[in-house]
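S.K.: predicted model and sequence follow; I will ask about them next.
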Amino acid sequence: MRSLFSVTLLLLLALTLTAEASRRAKHHKAGRHDKTRTASECSPAETRYGKCIPEHGDCGDGVRDATCKDHTDKIPCKIPCNWKKDISDCKYKFGPWGNCDATTNTKTRSGTLKRALFNAECQATVKVSKPCSPKVKKVKGEKKSN
């Protein structure tokens with residue numbers, strides 16, 4: 001009788017520990033954000049989204065506020081590290097890069113708005129620039145001069 005009681009007590013203890021560990025794992029997610037959570041039960045049109053704020057540095061994984069009525073949630077977002085931060089929630093179709101401007105040593109291209117993410121206020125057209133490449137393109141078949 002004593003051994004049956006001991007086995008029952010051990011099983012009950014093991015069941016309690018596994019349930020507690022499972023509950024902790026569901027709520028903790030090892031530092032990651034819960035991507036299934038939404039700002040209450042509002043539609044995307046009713047929800048107002050804040051800017052994406054990177055967790056480290058000025059690009060990469062981050063969080064943004066999603067507010068609807070009186071409820072605010074933090075939802076995950078990402079800012080690409082090779083992109084302009086002020087237009088990261090706007091998607092544009094860009095044309096080819098222009099020629100290098102010798103006075104500013106930059107080349108530019110313009111883009112037209114394809115779509116706005118997270119109800120962002122986007123410009124209809126944007127211009128982006130980058131430094132000109134320091135390398136001079138070689139003609140095929142040309143050899144290096146030493």
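M.R.: Done, it's in. Numbering: from 1, shown residues only.

S.K.: doesn't T104 lie inside a strand?
M.R.: No. Judged by DSSP: H, G, I helix; E, B strand; the rest coil, T104 forms no part of a strand; its state is coil.

S.K.: could I get the phi/psi values of it?
M.R.: phi -100, psi -10 (degrees, to the nearest 10).

S.K.: any idea of the pLDDT on it?
M.R.: According to the prediction, T104 has pLDDT 91.

S.K.: give me the neighbour count for it.
M.R.: 11 (other C-beta atoms under 10 Å). (Each C-beta comes from the backbone N, C-alpha and C, glycine too.)

S.K.: which residues sit in contact with it?
M.R.: S129 (C-beta atoms under 8 Å, 6 or more residues apart in numbering).

S.K.: next, work out how far apart it and S129 are.
M.R.: 8 Å (C-beta to C-beta, to the nearest Å).

S.K.: what do you get for C42?
M.R.: In terms of C-beta to C-beta, C42 sits 39 Å off from S129.

S.K.: output the below-cut-off pLDDT ranges for the chain.
M.R.: Counting by pLDDT under 70, the chain has low-confidence residues at 19-40, 82-86, 135-146.

S.K.: hey, where'd the strands end up in it?
M.R.: 48-49, 53-54, 60-68, 71-79, 90-94, 106-116, 125-131 (DSSP state E).
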